[in-house]
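>>> Pasted the sequence and its predicted model underneath.
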Amino acid sequence: MEQRWGLPLVAWPSRLRPNSWDLVALPLALGALALAAWGGTAMTARYQLGEVLPISLDPWMLPQYALRTVLRMAWALAASLVFSLGYAALAAKSRHAEKILIPVLDILQSVPILGFLSITVTGFIALFPGRLLGVECAAIFAIFTSQAWNMTFSVYQSLRTVPAELIEAARMYHLSPWKRFWRLEVPHAIPTLVWNMMMSVSGGWFFVVASEAITVSGQSILLPGVGSYIATAIQQRNLVAIGYAVLVMLVVILLYDQLLFRPLLAWSRKFHADVSTEDNPRPWFLIVLQRAQFFDLVQRGVLAVNRSIDRGLAGLGGGHPPALETRRRVWVGRAFDLAVALLAVAAAGWIVAFVRETVGIGEIGWVFLLGLLTATRVMILIGVASVIWVPIGVWIGLRPRLADRVQPIVQFLAAFPANLFFPAAVVLILRYRLDPEIWLSPLMILGTQWYILFNVIGGAMALPAELRLAAQNLGVGNLLWWRRVMLPAIFPAYVTGAVTAAGGSWNASIVAEIVQWGDTTLSATGLGAYIARTTAEGDAARIWLGIGVLCLYVLAFNRLLWRRLYDLAAERLRLD
């Protein structure tokens, strides 16, 4: 009797039968896995500290360098997504945690990428001795720091502005905290999170030169990648190589726009309050993902895992713990606040003692004045960018088809490393004898102004169509339309973009207040130049002083200005 090795294909369940779309999906999936495996092998190669990794300016090496950079950014984006969901949820749901986590997030956002590198490189190298993986992890962590804070602020703002009727509906359906988070709060946050993910990836490109060309305390490490290629081309004044790098960056940005962000953006529209399908195009890769059985099986597996977690948490749950008495809750809150204050005072005291060992009082006062100069530049630049980009962002966001076309252009502009403008800035300033104190300032906001534009576009796109139609039917127009309809609609998103742009501008001041092109260096008086200079010299006490003063300024602005605007957005300017 002839042995049968299995059921014929037609006898399989319909969800297991491959179709023509799998002919596109499977090569893409297998190719992505192969490239990830190749990149992982390259990251774990043998390496000894002090060994020079040669960077070739041959344009044929750029595809390989681009792949290494994209893999680093992909790992950083995955870590940023996990971090933003957990961190923002804890901050939004716990008053005690919020008192610590949001100020800490403000500080982390304000710490320059050079500060993270100077602290983490040695630790990561010690974790993986004799391997390149330690330096790779330091570079990935540096890119993570340029992505995570923006995404976390976005999720935090979304969780605080969930419409009250949706929260009440979740209570009526007796959703557990776990189900409420994944079925209400995360879907509510997805539209703005996707926009901020795009902006965060662009922010990673902005700092990719600093993350791959690491120079800390006299130790230079160049990792193979687009960033180190650009750094080498700038050092050698090779404009042709810079042109090749820009071209490859454009190709890479267009690829991940088509394969990642455009499908994500189209998918996220189903979570908008407006359920109309007008002007809702479906990208080709999203169609592949939805129709290929391979990705359908992956989705079913993820949903099965999620359901098992739901059942496990439901089995663990009993009744809700009894609420604390009001007086006891007040005393617990006060004790918590006191403990946090004592911890902050102790940390500040340690930093002051460490700095005072080698830095005098006069220099400390001078650094505070430098911070005031940089703060003035930052606030003026944020004001100018808001006046320019808010109207433009609203105009684009109200036209979804136009937003789809503009999206990759803005992504490329946001990803364009600002230091590629430095040669032009140096030449123009020297040729026309301009004042560097003024004309170096715009370099601080070249990469961060797009946070405002991206968030305003996302906020305008989330405006429900029925609200727009109601305003039209009532004849609301001009100034009244801005005051009563559009500004309340985009205000939460604008605050998220503005606070991230401000933090990014503080960070960008490190590279914008000192501009170098070959042997020519221009500098502006400010805190960023002070930190960049002391970091290059490896002066730990002055590095801590500069970063500490920068964090104090950022915290002051966030508590006095941005936090109040967040509260205003959460309490009054919300569409519910």
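Here it is on my side, so go on.
>>> Tell me the confidence at the residue sitting nearest the centre point of the chain?
The centroid of the chain falls nearest to Q147 when counting by C-alpha atoms, centre = their mean (2.6 Å). pLDDT recorded at Q147 is 85.
>>> What helix or strand is it located in?
helix 133-160 (DSSP states H and E).
>>> Next SSE downstream of that helix?
Scanning onward from helix 133-160 (DSSP H and E), the first element met is helix 164-172.
>>> Could you pull up the mean pLDDT of that next one?
Mean pLDDT, computed over helix 164-172, is 83.
>>> what comes up buried for the helix or strand that that helix is followed by?
On the C-terminal side of helix 164-172, the nearest following helix or strand under DSSP H and E is helix 177-180. Within helix 177-180, the residues scored as buried using 16 or more other C-beta atoms under 10 Å are K179, R180. To be clear about C-beta, it is placed using only N, CA and C from the backbone, and glycine gets the same treatment.
>>> before we move on, the earlier item: so what's the residue nearest to the centre of the chain up against?
Q147 makes contacts with A76, L77, S80, S200, V201, G203, G204, as judged by C-beta atoms under 8 Å, 6 or more residues apart in numbering.
>>> and the closest residue to L254 other than its chain neighbours, how many residues sit next to it?
Residue nearest to L254 in three dimensions, not counting chain neighbours: P408, with 6.1 Å by C-beta to C-beta, 6 or more residues apart in numbering. Using other C-beta atoms under 10 Å, P408 has 18 other residues around it.
>>> Distance of P408 relative to T521?
Distance of P408 to T521, given as C-beta to C-beta, to the nearest Å: 35 Å.
>>> Also F144?
Here the criterion is C-beta to C-beta. By it, F144 lies 30 Å from T521.
>>> next one: V384
Per C-beta to C-beta, V384 is found 26 Å from T521.
>>> who's more crowded, the two?
Using other C-beta under 10 Å as the criterion, V384 and T521 rank with V384 on top: 13 against 10.
>>> And the host helix or strand of that one, what does it pack against?
Following DSSP H and E, one finds V384 within helix 361-397. Taking 3 or more C-beta pairs under 8 Å, 6 or more residues apart in numbering; DSSP states H and E as contact, the helices and strands that helix 361-397 lies on are helix 400-415, helix 449-461, helix 487-512, helix 527-537, helix 540-557.
>>> could I have the following helix or strand past the third one exported to PDB, CA atoms only?
On the C-terminal side of helix 487-512, the nearest following helix or strand under DSSP H and E is strand 514-517. The C-alpha trace of strand 514-517 is given here as PDB (Å, rounded to 0.1, in the frame of the first residue of the first chain):
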ATOM      1  CA  ILE A 514      30.600  75.200  17.400                       C
ATOM      2  CA  VAL A 515      30.800  74.600  13.700                       C
ATOM      3  CA  GLN A 516      33.800  73.000  12.000                       C
ATOM      4  CA  TRP A 517      34.700  72.600   8.400                       C
END
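>>> Could you give the number of residues near S80?
Residues lying near S80 (other C-beta under 10 Å) number 26.
>>> which element is it on?
helix 62-93.
>>> Kindly report the same for L342.
helix 326-356.
>>> Which of the helices and strands in the protein ranks last by mean pLDDT?
Of all helical and strand segments in the chain, the minimum by mean pLDDT, DSSP states H and E falls on strand 213-216, at a mean of 63.
>>> before we move on, the earlier item: what angle separates the helix holding V384 from helix 487-512?
Here helix 361-397 points in a direction 130 degrees away from that of helix 487-512 (axes from the mean of the first three to the mean of the last three C-alpha atoms, to 10 degrees).
>>> so how far is helix 361-397 from its chain's centroid?
Its chain's average C-alpha position is 19 Å from that of helix 361-397, according to C-alpha atoms, centre = their mean, to the nearest Å.
>>> List the buried residues in that helix.
367, 370-371, 373-375, 377-378, 381-382, 385-386, 389-390, 393-394, 396-397.
>>> same thing with stretch 531-542?
Within stretch 531-542, the residues scored as buried using 16+ other C-beta under 10 Å are I531, A532, R533, T534, T535, D539, R542.
>>> do the same with stretch 211-230
Here stretch 211-230 shows 211-216, 221-230 as buried, counting by 16+ other C-beta under 10 Å.
>>> Can you pull out the low-pLDDT segments for the stretch 251-400 of the chain?
By pLDDT under 70, the weakly predicted segments of the stretch 251-400 of the chain are 273-281, 294-295, 302, 309-341, 344, 347-348, 351, 354.
>>> Do I have it right that S211 meets I143?
Yes - contact between S211 and I143 holds when scored by C-beta atoms under 8 Å: they sit 5.2 Å apart.
>>> So the residue nearest to M486 when sequence neighbours are not counted versus E165, what's the distance?
Excluding the flanking residues, the one nearest M486 by C-beta to C-beta, 6+ apart is V394, at 5.9 Å. Distance, V394 to E165, using C-beta to C-beta: 26 Å.
>>> among the contacts of Q147, which one has the lowest pLDDT?
Ranked by pLDDT, the contacts of Q147 bottom out at G203, which scores 71.
>>> right, and that residue touches G447 too?
Yes - with contact defined as C-beta under 8 Å, G203 reaches G447; the gap is 6.9 Å.
>>> Could you give the number of residues near the residue nearest to L443 when sequence neighbours are not counted?
Distance criterion C-beta to C-beta, 6+ apart; nearest residue to L443, sequence neighbours excluded, is A512 at 3.8 Å. Residues within reach of A512, counting by other C-beta under 10 Å, total 29.
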